[in-house]
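Colleague: model the structure of this input:
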Amino acid sequence: MIAEFPLWEYLQRKEIVKRSVIQFLIGVLCAVACLLSASPAPAPTETKEQHDARMKWWRGARFGLFIHWGIYSVPAGTYDGKQIPEIGEWIMNNAKIPVARYAAYAKQFNPAKFNPDEWVALAQAAGIKYIVITSKHHDGFAMFKSASSPYNVVDATPFGRDVIAGMAEACRKHGMKLGLYYSQAQDWHHPGGSAMGGHWDQAQDGDMDEYINRIAVPQVREILSKYGPISILWWDTPVGMNAARAARFLPMLNLQPGLITNNRLGGGVDGDLTTPEQFIPATGIPGKDFEVCMTMNDTWGYKSYDSNWKSSEDLVRKLIDTASKGGNFLLNVGPTSEGLIPQPSVDRLKGIGRWMQVNSDAIYGTNAGPFPYLRWGRAARKGSILYLYVFDWPKSGVLRVPIKNKVTASYLLADPKKAIPVTFEGERISLTLPAVAPDPIASVIALRIEGEPAAVPVPSLGRPGRASSVFGPGSGSEKAFDGDHETYWRAAAGQHSAWLEVTLAKPSSIGCVTLIEGWENQSHTRRFRLEYRDGDQWKTIFEGTRIVRSLSRTFDPVKAQVFRLNILEATDAPQIEEMQLLIDE
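Modeller: Sure, this is the predicted structure:
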């Protein structure tokens, strides 16, 4: 899929993605003509109330299933006898497979075991409320019958069935909301479609505006008009997109009343959702609806040899972590070319379902909790109820919670009739718990409280910061503390060591740090230390090697005012998107 979007964004920042002035002017003229002639017309600007009403079901759902499926499941990560690195659905690009040779995989795609009713039933049993499936990925192959191109699952494969039609029917039958992923810009098959890193086959060359007019816009019209209610349209990797090109898609969105879109169309179109990929923002994204998309192993599309599976326990806790920050969790499966969801994915979905069967009330309809970090777990809120998800059951039998609100009821969600004793201790309360945790993954305690709980601040959030050097305007040290994972601090070009420092408003007891560096191509750090200043000396909290996309580390609490990330070795100028220090409670 997609691990590509932040990479595209990075390339755009570096001004690699460029188009000529002539192409831009042509695009503007084409877009104006399209907007004048397209039907239906763009919807008027929503009021906040209308927007909230449209988003209500999504905000209540909290848990979705992503399905990456296409003819890339035929090679399953192997080409010419070699295992191709990186994600499975990118094999055509990563291996630079010629267009005609890759297209031949369609003749081998015959998923006779595909049963959309079973897929939807599996999702429902896991507690999932909506499904997003790839209708066309970057390889340009449509998983639906398309009048715009014969390169589709009905016309080009022995299977001959419309996958999207099957999924739409099953979702309607079982009351599951359906969303469709569509790669609007990257298309490695049709001439003119863009490609990350550029084309590698002359068959790909062509005019992007013509591709958008002839293939992309007509196919978006098809998927939004042929399959009944569609709840979400999931764009991806806007390589080569600009405002004029994006504008051609916008009239199509009115074909589905209430449609929700993400932020990956390009051209300055924000959409409804921000989409952190493969990481959970340490502080959530206040003021924005966000959806964390994540794989169960290391790939989105099926790879036969990727066995680096996350455990059910880890996935449940990631669902909880995301919900506790006010976001949705979109968990991926990559079916095989036979039409089967891999058994390890099935097992993990069933494991999640067992936990959700007891605890789903603490997920659906919740909002972000008041605590960005709790050493023993997480917290979320639904009205007057505060849900505490306890990962580490206290051996002492006492759980301390940093609130001072009056508690009118306290009980285990697994046993609501059994009250939990509450003791008030000034600025916090203590809960006396049973000796044994009800659930080994996460036990949920419900507290009914009066009034608004005081939010625990993130002491590093919004602080100006200091750094050893800065790459240039827009990459200052303050960007690492602004809570926006789309901005970053970067050291000066050519630097192979650097430091990033923050001074808190006052000395604080810090017990956790979250670092976000970037994707593999941006991950330059090879050795670092987190330090704090004690008088005129820097003292080490812990040392590490690689940060990569995201690293969260807890440690024995340190009370200090000045902290520093000291990057000792890096392959290129170090870069940090976010560094947040969290108060230990």
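Colleague: going along the chain, name the helices of the chain.
Modeller: Along the chain, the stretches classed as helices by DSSP state H are 4-13, 21-37, 48-61, 91-94, 99-103, 116-125, 163-174, 208-211, 217-225, 243-247, 312-324, 343-359.
Colleague: can the ones you listed go into a markdown table with extra columns for distance to residue 191 and mean neighbour count?
Modeller: To be clear about C-beta, it is placed using only N, CA and C from the backbone, and glycine gets the same treatment. Formatted as a markdown table, those follow (distance: least, CB to CB, whole Å; neighbours: other CB atoms under 10 Å):
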| stretch | distance to residue 191 | mean neighbour count |
| --- | --- | --- |
| helix 4-13 | 21 | 19 |
| helix 21-37 | 15 | 14 |
| helix 48-61 | 36 | 14 |
| helix 91-94 | 15 | 23 |
| helix 99-103 | 9 | 17 |
| helix 116-125 | 32 | 19 |
| helix 163-174 | 24 | 20 |
| helix 208-211 | 7 | 20 |
| helix 217-225 | 15 | 20 |
| helix 243-247 | 16 | 22 |
| helix 312-324 | 40 | 22 |
| helix 343-359 | 36 | 18 |
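Colleague: quick one: which of those is nearest residue 189?
Modeller: If you check each of the helices of the chain against residue 189 by CB to CB, helix 99-103 wins as the nearest, at 5.8 Å.
Colleague: so what touches that closest one?
Modeller: The contact list for helix 99-103 (CB atoms under 8 Å, 6 or more residues apart in numbering) reads 71, 92, 139, 151, 156, 188-189, 201, 203-204.
Colleague: let me know the pLDDT of the closest residue to residue 77 other than its chain neighbours.
Modeller: Nearest residue to residue 77, sequence neighbours excluded (CB to CB, 6 or more residues apart in numbering): residue 303, at 3.4 Å. Predicted confidence (pLDDT) for residue 303: 98.
Colleague: now flag whichever of the contacts of helix 99-103 is closest to residue 400.
Modeller: Among the contacts of helix 99-103, and counting by CB to CB, the member closest to residue 400 is residue 139, at 52.6 Å.
Colleague: wait, what's in contact with the residue nearest to that closest one when sequence neighbours are not counted?
Modeller: Take residue 139 and drop its neighbours on the chain: the residue closest to it by CB to CB, 6+ apart is residue 92, 5.1 Å away. Counting by CB under 8 Å, 6+ apart, residue 92 touches 72, 102, 138-139, 188.
Colleague: please report how far residue 161 lies from residue 391.
Modeller: Going from residue 161 to residue 391 by CB to CB, to the nearest Å gives 44 Å.
Colleague: contacting residues around stretch 352-359?
Modeller: Contact with stretch 352-359 is made by 63, 125-127, 312, 315-316, 319, 331, 363, 413-414, 439, 441-442, 444, as judged by CB under 8 Å, 6+ apart.
Colleague: most neighbours out of the contacts of residue 92, which is it?
Modeller: With neighbours taken as other CB atoms under 10 Å, the top of those is residue 72, carrying 30 neighbours.
Colleague: what pLDDT is listed against that residue?
Modeller: In this prediction, residue 72 carries a pLDDT score of 98.
Colleague: can the contacts of residue 92 go into CSV with extra columns for distance to residue 357?
Modeller: Output for those, formatted as CSV (distance: CB to CB, whole Å):
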residue, distance to residue 357
72, 34
102, 43
138, 37
139, 38
188, 42
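Colleague: how long is stretch 258-270 from one end to the other?
Modeller: Here the two ends of stretch 258-270 are set 16 Å apart, with distance taken as CA to CA, to the nearest Å.
Colleague: tell me which residues of it come out buried.
Modeller: Buried residues in stretch 258-270, counted by 16 or more other CB atoms under 10 Å: 259-267, 269.
Colleague: stretch 360-368 too?
Modeller: Applying a neighbour-count criterion of 16+ other CB under 10 Å, one finds 360-366, 368 buried in stretch 360-368.
Colleague: ditto for stretch 124-139
Modeller: By 16+ other CB under 10 Å, the buried positions in stretch 124-139 come out as 124, 126-139.
Colleague: closest one of those to residue 472?
Modeller: Closest approach to residue 472 among those (CB to CB): residue 138, at 31.0 Å.
Colleague: which pLDDT does the model give that closest one?
Modeller: At residue 138, pLDDT is 98.
Colleague: that one against residue 87, yeah?
Modeller: No - judged on CB atoms under 8 Å, residue 138 makes no contact with residue 87 at a distance of 10.7 Å.
Colleague: just the buried residues of stretch 258-270: which are in strands?
Modeller: Of the buried residues of stretch 258-270, the ones assigned to strands by DSSP state E are 260-261.
Colleague: let me have the buried residues of stretch 258-270 in JSON lines, extended by pLDDT.
Modeller: Below are these laid out as JSON lines (pLDDT from 0 to 100):
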{"residue": "259", "pLDDT": "98"}
{"residue": "260", "pLDDT": "98"}
{"residue": "261", "pLDDT": "98"}
{"residue": "262", "pLDDT": "98"}
{"residue": "263", "pLDDT": "97"}
{"residue": "264", "pLDDT": "98"}
{"residue": "265", "pLDDT": "98"}
{"residue": "266", "pLDDT": "97"}
{"residue": "267", "pLDDT": "97"}
{"residue": "269", "pLDDT": "97"}
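Colleague: using CSV, lay out the buried residues of stretch 258-270 together with distance to residue 288.
Modeller: Listed next are the buried residues of stretch 258-270 as CSV, based on distance: CB to CB, whole Å:
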residue, distance to residue 288
259, 18
260, 13
261, 14
262, 11
263, 9
264, 14
265, 16
266, 18
267, 19
269, 15
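Colleague: closest one of the buried residues of stretch 258-270 to residue 238?
Modeller: Distance to residue 238 across those (CB to CB) is lowest for residue 266, with 2.5 Å.
Colleague: surely the closest one and residue 247 touch.
Modeller: No - with contact defined as CB under 8 Å, residue 266 does not reach residue 247; the gap is 10.7 Å.
Colleague: does the residue nearest to residue 289 when sequence neighbours are not counted have any beta-bridge partners, and if so which?
Modeller: Distance criterion CB to CB, 6+ apart; nearest residue to residue 289, sequence neighbours excluded, is residue 273 at 5.3 Å. Note on residue 273: beta-bridge partners by DSSP bridges are residue 262.
Colleague: surely residue 273 and residue 265 touch.
Modeller: No - using CB under 8 Å as the test, residue 273 is too far from residue 265 to be in contact (11.2 Å).
Colleague: any idea how far residue 363 lies from residue 387?
Modeller: As judged by CB to CB, residue 363 and residue 387 stand 9 Å apart.
Colleague: try residue 577
Modeller: Going from residue 577 to residue 387 by CB to CB gives 29 Å.
Colleague: domains for the protein, by residue range?
Modeller: Annotated domains of the chain cover 4-362, 369-449, 466-583 [automatic domain parsing].
Colleague: looking at those, which is nearest to residue 457?
Modeller: Residue 457 sits nearest to domain 466-583 of all these, at 7.3 Å, using CB to CB.
Colleague: just how off-centre is that closest one within its chain?
Modeller: Remark: domain 466-583 is offset 23 Å from the chain centroid, using CA atoms, centre = their mean, to the nearest Å.
Colleague: likewise for stretch 223-238?
Modeller: 18 Å.
Colleague: start and end of that stretch, how far apart?
Modeller: By CA to CA, the extent of stretch 223-238 from end to end equals 19 Å.
Colleague: buried stuff in that stretch?
Modeller: Buried positions in stretch 223-238, judged by neighbour count with 16+ other CB under 10 Å: 223-224, 226-227, 230-238.
Colleague: wait, residue 232 sits on residue 260?
Modeller: Yes - counting by CB under 8 Å, residue 260 is a contact partner of residue 232 at 4.9 Å.
Colleague: anything in contact with each of those two?
Modeller: 58, 179.
Colleague: could you give the average pLDDT over stretch 310-317?
Modeller: Across stretch 310-317, pLDDT averages out at 98.
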